[in-house]
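Enquirer: Next one to model:
(one chain, ligands or ions: 2)
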Amino acid sequence: MVSSALLSSLLVLSLSGILGQTAGQMSFDLEVKYNQPNRDCELYPAQAAFRGVLFGAMTRLANSDQDFNFTYSENIDYGAFLESVNGVFGNNQDHTYWELLVQTANNIIISADVGISCYIPQANEKVILNFTSY
Ligand SMILES: *[C@@H]1O[C@H](CO)[C@@H](O)[C@H](O)[C@H]1NC(C)=O
Ligand SMILES: *[C@@H]1O[C@H](CO)[C@@H](O)[C@H](O)[C@H]1NC(C)=O
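Expert: Ligands and ions are numbered 1, 2, ... in the order given. Purely as a prediction, here's the structure:
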(Lines give C-alpha, C1' and ligand atoms only; values in the text may rest on other atoms or scores of the structure.)
(Ligands and ions follow the chains in the order given, each with its own letter.)
Protein backbone atom coordinates (compact mmCIF):
# COMPACT_ATOMS: atom_id res chain seq x y z
CA MET A 1 0.00 0.00 0.00
CA VAL A 2 1.39 3.40 -0.98
CA SER A 3 1.23 6.08 1.69
CA SER A 4 -0.70 9.24 1.00
CA ALA A 5 2.42 11.29 1.79
CA LEU A 6 4.27 9.49 -0.98
CA LEU A 7 1.30 9.94 -3.32
CA SER A 8 1.14 13.67 -2.68
CA SER A 9 4.87 14.12 -3.16
CA LEU A 10 4.59 12.19 -6.42
CA LEU A 11 1.75 14.51 -7.42
CA VAL A 12 3.84 17.60 -6.62
CA LEU A 13 6.74 16.18 -8.61
CA SER A 14 4.66 15.41 -11.68
CA LEU A 15 2.86 18.76 -11.48
CA SER A 16 6.12 20.69 -11.32
CA GLY A 17 7.31 18.53 -14.21
CA ILE A 18 4.29 19.49 -16.30
CA LEU A 19 4.58 23.18 -15.45
CA GLY A 20 8.36 23.23 -15.94
CA GLN A 21 8.11 21.53 -19.31
CA THR A 22 5.31 23.51 -20.83
CA ALA A 23 5.61 26.98 -19.31
CA GLY A 24 6.45 29.44 -22.06
CA GLN A 25 6.62 26.71 -24.66
CA MET A 26 3.28 26.91 -26.39
CA SER A 27 3.98 28.57 -29.73
CA PHE A 28 1.56 30.48 -31.88
CA ASP A 29 1.71 33.35 -34.35
CA LEU A 30 0.52 36.84 -33.56
CA GLU A 31 -0.42 38.96 -36.57
CA VAL A 32 -1.02 42.70 -36.42
CA LYS A 33 -3.25 43.97 -39.24
CA TYR A 34 -3.44 47.75 -39.52
CA ASN A 35 -5.65 47.76 -42.63
CA GLN A 36 -4.02 51.02 -43.68
CA PRO A 37 -2.62 51.59 -47.18
CA ASN A 38 0.78 52.71 -45.87
CA ARG A 39 1.25 49.99 -43.29
CA ASP A 40 1.71 46.26 -43.97
CA CYS A 41 0.70 43.59 -41.49
CA GLU A 42 3.34 42.24 -39.17
CA LEU A 43 3.75 38.67 -37.95
CA TYR A 44 5.40 37.80 -34.64
CA PRO A 45 6.28 34.38 -33.26
CA ALA A 46 4.75 34.30 -29.77
CA GLN A 47 4.88 32.03 -26.73
CA ALA A 48 2.13 31.43 -24.21
CA ALA A 49 2.45 29.70 -20.87
CA PHE A 50 0.65 26.37 -20.45
CA ARG A 51 -3.06 27.35 -20.45
CA GLY A 52 -1.91 30.96 -20.15
CA VAL A 53 -3.90 33.88 -21.48
CA LEU A 54 -3.05 36.03 -24.51
CA PHE A 55 -2.33 39.04 -22.29
CA GLY A 56 0.68 37.22 -20.79
CA ALA A 57 2.01 36.20 -24.19
CA MET A 58 1.64 39.77 -25.51
CA THR A 59 3.37 41.19 -22.44
CA ARG A 60 6.25 38.73 -22.82
CA LEU A 61 6.53 39.58 -26.53
CA ALA A 62 6.52 43.33 -25.83
CA ASN A 63 9.29 42.82 -23.24
CA SER A 64 11.49 40.81 -25.60
CA ASP A 65 10.81 42.41 -29.00
CA GLN A 66 11.23 46.17 -29.33
CA ASP A 67 9.16 46.12 -32.54
CA PHE A 68 6.02 45.17 -30.63
CA ASN A 69 4.18 47.19 -28.01
CA PHE A 70 0.63 47.69 -26.81
CA THR A 71 -1.38 49.68 -24.29
CA TYR A 72 -4.63 48.79 -22.57
CA SER A 73 -7.14 50.02 -20.08
CA GLU A 74 -8.70 48.03 -17.29
CA ASN A 75 -12.35 47.10 -17.48
CA ILE A 76 -13.87 45.54 -14.39
CA ASP A 77 -16.16 43.34 -16.45
CA TYR A 78 -14.02 42.40 -19.45
CA GLY A 79 -10.44 42.64 -18.19
CA ALA A 80 -7.77 44.40 -20.23
CA PHE A 81 -9.18 46.38 -23.14
CA LEU A 82 -6.66 46.79 -25.98
CA GLU A 83 -6.22 50.50 -26.70
CA SER A 84 -3.21 50.59 -29.00
CA VAL A 85 -0.85 48.27 -30.84
CA ASN A 86 2.49 49.56 -32.14
CA GLY A 87 1.39 53.15 -31.68
CA VAL A 88 -1.97 52.80 -33.49
CA PHE A 89 -4.87 53.72 -31.20
CA GLY A 90 -8.52 52.90 -31.59
CA ASN A 91 -10.75 55.88 -30.91
CA ASN A 92 -14.41 56.72 -30.42
CA GLN A 93 -14.52 59.57 -32.99
CA ASP A 94 -13.45 57.30 -35.83
CA HIS A 95 -15.25 54.28 -34.33
CA THR A 96 -12.05 52.27 -34.60
CA TYR A 97 -10.83 49.52 -32.33
CA TRP A 98 -8.58 46.46 -32.22
CA GLU A 99 -10.62 43.37 -32.97
CA LEU A 100 -9.39 40.03 -31.66
CA LEU A 101 -9.61 37.26 -34.27
CA VAL A 102 -8.25 33.73 -34.41
CA GLN A 103 -7.24 31.75 -37.46
CA THR A 104 -7.50 28.08 -36.55
CA ALA A 105 -5.38 25.26 -37.99
CA ASN A 106 -7.94 24.68 -40.77
CA ASN A 107 -7.64 28.34 -41.85
CA ILE A 108 -11.04 29.45 -40.61
CA ILE A 109 -11.04 32.93 -39.08
CA ILE A 110 -13.31 33.42 -36.10
CA SER A 111 -13.87 36.11 -33.51
CA ALA A 112 -12.23 35.28 -30.18
CA ASP A 113 -15.42 36.52 -28.46
CA VAL A 114 -13.45 37.39 -25.32
CA GLY A 115 -10.76 39.94 -24.55
CA ILE A 116 -6.98 39.52 -24.32
CA SER A 117 -7.20 38.81 -20.57
CA CYS A 118 -9.43 35.80 -21.15
CA TYR A 119 -8.38 34.32 -24.47
CA ILE A 120 -6.13 31.24 -24.19
CA PRO A 121 -4.07 30.77 -27.37
CA GLN A 122 -3.85 27.25 -28.78
CA ALA A 123 -0.70 25.72 -30.26
CA ASN A 124 0.06 26.61 -33.88
CA GLU A 125 -2.90 28.87 -34.41
CA LYS A 126 -2.71 32.48 -35.58
CA VAL A 127 -4.09 35.18 -33.34
CA ILE A 128 -4.94 38.31 -35.34
CA LEU A 129 -5.14 41.82 -33.92
CA ASN A 130 -7.26 43.47 -36.60
CA PHE A 131 -7.61 47.25 -36.64
CA THR A 132 -11.19 47.79 -37.70
CA SER A 133 -14.25 50.02 -37.25
CA TYR A 134 -17.75 49.63 -35.91
C1 LIG B 1 5.42 51.39 -30.18
O2 LIG B 1 5.67 51.04 -31.53
C3 LIG B 1 5.55 52.12 -32.44
C4 LIG B 1 5.72 51.53 -33.83
O5 LIG B 1 6.86 50.72 -33.92
C6 LIG B 1 6.60 53.16 -32.11
O7 LIG B 1 6.46 54.25 -33.01
C8 LIG B 1 6.37 53.64 -30.69
O9 LIG B 1 7.39 54.56 -30.35
C10 LIG B 1 6.40 52.46 -29.73
N11 LIG B 1 6.03 52.94 -28.40
C12 LIG B 1 6.72 52.59 -27.33
C13 LIG B 1 6.20 53.13 -26.03
O14 LIG B 1 7.72 51.89 -27.38
C1 LIG C 1 -10.31 43.10 -40.41
O2 LIG C 1 -10.65 44.44 -40.53
C3 LIG C 1 -10.88 44.85 -41.87
C4 LIG C 1 -11.06 46.35 -41.87
O5 LIG C 1 -12.19 46.73 -41.15
C6 LIG C 1 -12.06 44.09 -42.42
O7 LIG C 1 -12.26 44.43 -43.76
C8 LIG C 1 -11.79 42.59 -42.33
O9 LIG C 1 -12.94 41.86 -42.71
C10 LIG C 1 -11.44 42.21 -40.90
N11 LIG C 1 -11.17 40.78 -40.79
C12 LIG C 1 -10.10 40.17 -41.31
C13 LIG C 1 -10.02 38.72 -41.11
O14 LIG C 1 -9.22 40.75 -41.93
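
Enquirer: Quick one: neighbours of the residue nearest to Phe28 when sequence neighbours are not counted, just the number.
Expert: Closest residue to Phe28 apart from its sequence neighbours, by C-beta to C-beta, 6 or more residues apart in numbering: Pro121 at 4.6 Å. (Glycine included, C-beta is placed from N, CA and C.) Number of residues near Pro121 (other C-beta atoms under 10 Å) recorded here: 26.

Enquirer: Next one, pLDDT for Pro121 please.
Expert: Looking at Pro121, its pLDDT reads 96.

Enquirer: Which secondary structure state does it sit in?
Expert: coil (DSSP: H, G, I helix; E, B strand; the rest coil).

Enquirer: Thought Leu30 was touching Asn86, still the case?
Expert: No: with contact defined as C-beta atoms under 8 Å, Asn86 does not count as touching Leu30 (11.4 Å).

Enquirer: Which neighbours do those two have in common?
Expert: Phe68 (C-beta atoms under 8 Å, 6 or more residues apart in numbering).

Enquirer: higher neighbour count, these two?
Expert: Legend: neighbour count by other C-beta under 10 Å for Asn86 and Leu30, higher for Leu30 (22 against 15).

Enquirer: in its sheet, what does the strand or helix carrying that one sit against?
Expert: Using DSSP states H and E, Leu30 sits in strand 26-33. Strands adjacent to strand 26-33 in the sheet, as given by DSSP bridges, are strand 42-48 (antiparallel), strand 126-133 (parallel).

Enquirer: Near Thr71, how many other residues are there?
Expert: If you count neighbours by other C-beta under 10 Å, Thr71 ends up with 13.

Enquirer: now the helix or strand encompassing it: how far from the chain's centre is it?
Expert: Element membership for Thr71 (DSSP H and E) is strand 70-75. In this view, strand 70-75 has its centroid 14 Å away from the chain centroid, taken as C-alpha atoms, centre = their mean, to the nearest Å.

Enquirer: nearest spatial neighbour of Gly56, skipping sequence neighbours?
Expert: Distance criterion C-beta to C-beta, 6+ apart; nearest residue to Gly56, sequence neighbours excluded, is Ala49 at 5.9 Å.
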